[in-house]
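>>> Okay, predicted coordinates and the sequence, questions at the end:
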Amino acid sequence: MSSVGAGPAGEPKLNRLFTWFDPETAAGVTILLGLYQVLLSVPLASAGLSMPSIFILPLVTGILVVAGGSLTVANEKNPSRLLLRFCVYSNMASLLGSTVALCLYCYSLSKPETVTAFCPIPTMYFEHRHRSYKCPGEILAAFNWNLILLLLIYDAGAVLMHCVLSVSALRALKTA
């Protein structure tokens, strides 16, 4: 008598590394992290940064992360050895791409943003009682820094999820 949720012996599914680990849920979270990265590439594309092509990085990384999570979900729904192999390859590629993106985001945050916009009359933002004046260029630089910080956080989550999914998929491939 087979247990609930267990498939036939020939179907290679991802290994459960921990009792609380569900590969399908982890893959769903991974897909969401990738979609957040793709969506955050849109405001980065319109902002003037010191690294002008940085918006391509979350776009490509997000697509890789979504592909890795999607193949993991597909393998959990319809397990096969070929799909498991593609799952391993896509998770490893996503792990590598996310690690490179993580390093570039850290570099981008550590590099001071130079505001090149001339600000003859500072505009007031925040509230009148605080009398806080800043140039629009400084506000844009702070916005860009916050966007890159969000991308760093989402990418760190993607690295963690792909690391766990890659180990699980590799163990399943070796035992299958």
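The structure has been received and is ready for your questions. Numbering: from 1, shown residues only.

>>> What is the neighbour count of Leu140?
Neighbouring residues of Leu140 were enumerated by other Cβ atoms under 10 Å; the total is 17. Heads up, the C-betas are built off the backbone N, CA and C, glycines and all.

>>> check contacts around Ala158.
For Ala158, the contacting residues are Thr30, Leu33, Gly34, Gln37, Thr61, Val65, Ser94, Ser98, taking Cβ atoms under 8 Å, 6 or more residues apart in numbering as the criterion.

>>> Any idea how far the strand or helix carrying Thr25 is from the middle of the chain?
When secondary structure is defined by DSSP states H and E, Thr25 falls within helix 23-46. The chain centroid and the centroid of helix 23-46 are separated by 5 Å, computed with Cα atoms, centre = their mean, to the nearest Å.

>>> pLDDT on the helix or strand just after that helix, on average?
Sequence order places helix 56-77 as the next helix or strand after helix 23-46, per DSSP H and E. Model confidence over helix 56-77 averages 89 on the pLDDT scale.

>>> out of the contacts of Ala158, which is most surrounded?
Val65 (35 neighbours).

>>> In this protein, what helix or strand scores lowest on average pLDDT?
When the helices and strands of the chain are compared on mean pLDDT, DSSP states H and E, strand 123-124 comes out lowest with a mean of 54.

>>> residues making contact with the helix holding Thr25?
13-14, 16, 54-59, 61-70, 72-73, 76-77, 94, 143-144, 147-148, 150-151, 154-155, 157-158, 161-162, 164-165, 168.

>>> residue nearest the centroid of this protein?
In the chain, the C-alpha nearest the mean C-alpha coordinate belongs to Asp155, at 3.7 Å (Cα atoms, centre = their mean).
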